[in-house]
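>>> Just to be clear, the model below is a prediction. Sequence and coordinates:
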Amino acid sequence: MKTLMIVVLLLLTSLTEAEYSRVYLDSHPLKIAQVNGIEIAYRTVGQGEGRPKVVVIMGLGGSNVAWGDTLIKGLADAGNEVLMFDNRDTGASTRFDQWGQPTLWLQLLKRQLNLPVNAPYSLDDMAADAVGLMDVLGYQDGHIIGTSMGGMIAQIVAAKYPQRTRSLISIMSTTGARHLPPPTSLAETRLRDLAEGEAEEDREARIRARGFYPASMPRHLMAVFKVGDRSADVATIQADTLVMHGVDDGLIPPAHGEHTVELIKGSKYVLLEGMGHNLPSAILPNLIANMTSHINRVEAGF
């Protein structure tokens, strides 16, 4: 339970500390598609004939606007068509509130004992949503980009739908291998700072303004726990892969990114100074440059 709360609260703290704008994203209409028996809300940015298709997948509790303007505009300005969407259970996509909330201490104990956890869906279902949305929009394939939990979903897409994966970019994510390190002591310190700081309602208001849905986070965590260690699947990925991680990531330490690179043959690893488990404004130009360079190289056939 303690580790679980560190995961959720450290994520919220990191996000509220970064600069953020969504004006550009909100200028693009939000649409609804029927996918796998549910509704998935999505936007497309930078549409154009012949432009490389890029599919971005947000992390825990995050809707499409959680990416913020700078990163998405940077990808579009580089000549890409960007598809962004609300994962199931967030934003305007079908919510699972009627399922209720998991008993976190019990599900965490079951996970530690290698027992199945209770969850209304898994990361496999969320990966199928991404591919199903690509089907609806006529995307033959795409450069699949995911951050944190979204990186886990992107890895599943690359492993299970290789024909739909033009390349993979996994950001501050993990294979879920049990030998990898837990959140650091720094994470615990930040958790204590958070507990002694601003009021809960103020923090939640800021999180919601950034496009995050706290009520979805426990169910998303169960989706992560349900699939467990994905190392065997990750090792089958054949797509050109870029893995990026922050040096200061206390939530998912850099060893998780290193393990991903070890498993995916020929993948490239970029470790970024000044980045924790967040997408800070100062690091966005470097992130965008690495992503666009990777996409351009794949498109050029190098």
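Yep, it's here.
>>> need the helices for the stretch 201-302 of the chain, in chain order.
Shown for the stretch 201-302 of the chain, the helices assigned by DSSP state H, counting those that start in this stretch span residues 217-227, 231-234, 254-263, 284-300.
>>> Remind me what the longest one packs against, helices and strands.
When you say that, I think you mean helix 284-300. Where contact means 3 or more Cβ pairs under 8 Å, 6 or more residues apart in numbering; DSSP states H and E, helix 284-300 is packed against helix 69-77, strand 142-147, strand 165-171, strand 240-246, strand 268-272. Every residue, glycine included, has its C-beta placed from N, CA and C.
>>> can you rerun that using 6 Å?
Secondary structure elements in contact with helix 284-300, counted by 3 or more Cβ pairs under 6 Å, 6 or more residues apart in numbering; DSSP states H and E, are helix 69-77.
>>> Quickly run through the sheet partners of the helix or strand just after the helix it packs on, with directions.
Using DSSP states H and E, the helix or strand that follows helix 69-77 towards the C-terminus is strand 81-85. Sheet pairing here is set by DSSP bridges, and for strand 81-85 it gives strand 38-45 (antiparallel), strand 53-57 (parallel).
>>> Buried deepest among these, which one?
Mean neighbour count, computed with mean count of other Cβ atoms under 10 Å, is highest for strand 53-57 among the strands paired with strand 81-85, reaching a mean of 26.
>>> Distance from the chain centre to that strand, please.
Offset of strand 53-57 from its chain centre (Cα atoms, centre = their mean, to the nearest Å): 11 Å.
>>> what about dumping the CA coordinates of that strand to CSV?
Extracted in CSV, the C-alpha atoms of strand 53-57 (Å, rounded to 0.1, in the frame of the first residue of the first chain):
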residue,chain,number,x,y,z
LYS,A,53,1.4,8.8,-38.7
VAL,A,54,2.3,9.2,-35.1
VAL,A,55,0.2,7.6,-32.3
VAL,A,56,0.8,9.0,-28.8
ILE,A,57,-0.4,7.1,-25.7
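>>> For residue 215, grab the count of nearby residues.
Applying the criterion other Cβ atoms under 10 Å, we find 14 residues in the vicinity of residue 215.
>>> List the residues that contact it.
Under the criterion of Cβ atoms under 6 Å, 6 or more residues apart in numbering, residue 215 has no contact partners.
>>> cutoff 7 Å now
By Cβ atoms under 7 Å, 6 or more residues apart in numbering, the residues touching residue 215 are residue 97.
>>> please renumber so the chain begins at 45
In the new count, where the first residue is 45, that last one comes out as residue 259.
>>> Distance check, it against residue 74.
20 Å (Cβ to Cβ, to the nearest Å).
>>> now swap in residue 97 and tell me
Counting by Cβ to Cβ, the gap from residue 97 to residue 74 is 19 Å.
>>> Look up how far residue 159 lies from the residue nearest in space to the middle of the chain.
Central residue check for the chain by Cα atoms, centre = their mean: the C-alpha nearest the mean position is that of residue 194, 2.2 Å away. Using Cβ to Cβ, one obtains 26 Å as the distance from residue 194 to residue 159.
>>> And for residue 206, the neighbour number?
For residue 206, using other Cβ under 10 Å, the count is 14.
>>> Do I have it right that it meets residue 285?
No: Residue 206 is beyond contact range of residue 285, at 11.7 Å (criterion: Cβ atoms under 7 Å).
>>> Mind giving me the packing neighbours of the strand or helix carrying residue 173?
For residue 173, the host element (DSSP H and E) is helix 167-181. Applying 3 or more Cβ pairs under 7 Å, 6 or more residues apart in numbering; DSSP states H and E, one finds that helix 167-181 contacts strand 75-79, strand 82-89, strand 97-101, helix 193-204, helix 261-271.
>>> quick one: buried residues of it?
The neighbour-count criterion (16 or more other Cβ atoms under 10 Å) identifies 167-178, 181 as the buried residues of helix 167-181.
>>> my read is residue 153 is in a strand, agree?
No: when classified by DSSP: H, G, I helix; E, B strand; the rest coil, residue 153 is found to be helix rather than part of a strand.
>>> Same list, the buried residues of helix 167-181, but as TSV with distance to residue 267 and pLDDT please.
Shown next, in TSV, are the buried residues of helix 167-181 (distance: Cβ to Cβ, whole Å; pLDDT from 0 to 100):
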residue	distance to residue 267	pLDDT
167	5	98
168	9	98
169	7	98
170	6	98
171	10	98
172	12	98
173	11	98
174	13	98
175	16	98
176	16	98
177	17	98
178	20	98
181	23	97
